[in-house]
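1. Below is the sequence, then the predicted model.
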Amino acid sequence: MSIERINPQGLSTPTGYTHVIRSRGGTTVYIAGQVAADAEGRVVGAGDFAAQAKQVFVNLRAALAAVGAGFEHVTKTTTYIVNYSPEHRPALRAARAEAMGDLAPASTLIGVQALATPDYMIEIEAIAVLDD
């Protein structure tokens, strides 16, 4: 299994993501959107976007570990932020950097009106590729 990260000429230089990911071989794993809930289902960081972003990455790490993976296996993330504005990006980048270091999957950020419950401010889903 290999994961190749490509930023083609003619596209802008990305910050915190990769334009193109090519994986060969391996098993694809789809991780449902993770929100800022602890193991008992309680909201973590109600009203605190930075705390919620950090918890989402904690939850993603746990989901990846369940299949023997880590963030190095993530090829794509989709991030949903309630009432998104550019002011959210520094906290999101900090939480992602703390969890993923300089790993940069293909990534999409979408502003949404709401998530499953009013307390959730952010949700992130991921796709990973593992060795067979």
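-> Yep, that arrived. Numbers count the residues shown, from 1 in each chain.

2. Pull the number of nearby residues for residue 113.
-> By other C-beta atoms under 10 Å, 6 other residues sit near residue 113. Heads up, the C-betas are built off the backbone N, CA and C, glycines and all.

3. Confirm for me that it is in contact with residue 84.
-> No - counting by C-beta atoms under 8 Å, residue 113 sits too far from residue 84 to count as a contact (10.0 Å).

4. residues in contact with residue 82?
-> Residue 82 is in contact with 111-115, 120-122, counting by C-beta atoms under 8 Å, 6 or more residues apart in numbering.

5. Need those in CSV (columns: pLDDT, secondary structure and distance to residue 1).
-> As requested, the contacts of residue 82 are exported to CSV (pLDDT from 0 to 100; DSSP: H, G, I helix; E, B strand; the rest coil; distance: C-beta to C-beta, whole Å):
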residue, pLDDT, secondary structure, distance to residue 1
111, 98, strand, 34
112, 98, strand, 33
113, 98, coil, 38
114, 97, coil, 37
115, 97, coil, 32
120, 98, coil, 33
121, 98, coil, 34
122, 98, strand, 29
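
6. Which helix or which strand is home to residue 62?
-> In the assignment (DSSP states H and E), residue 62 maps to helix 49-65.

7. ok, then the element right after that helix?
-> In N-to-C order, the element after helix 49-65 by DSSP H and E is strand 74-82.

8. Neighbouring strands of that next one in the sheet, and parallel or not?
-> Here strand 74-82 is paired, per DSSP bridges, with strand 106-112 (parallel), strand 122-130 (antiparallel).

9. I'd like to know which of the ones you listed is closest to residue 32.
-> For residue 32, the closest of the strands paired with strand 74-82 is strand 122-130, at 6.1 Å, according to C-beta to C-beta.

10. ok, residues contacting that closest one?
-> For strand 122-130, the external contacting residues (C-beta under 8 Å, 6+ apart) are 1, 3, 23, 26-36, 49, 52-53, 56-57, 60, 63-64, 67-69, 73-82, 92, 105, 115-116.

11. Can you check the pLDDT for the nearest residue in space to residue 5 that is not next to it in sequence?
-> Excluding the flanking residues, the one nearest residue 5 by C-beta to C-beta, 6 or more residues apart in numbering is residue 18, at 4.3 Å. If you check residue 18, the pLDDT there is 93.
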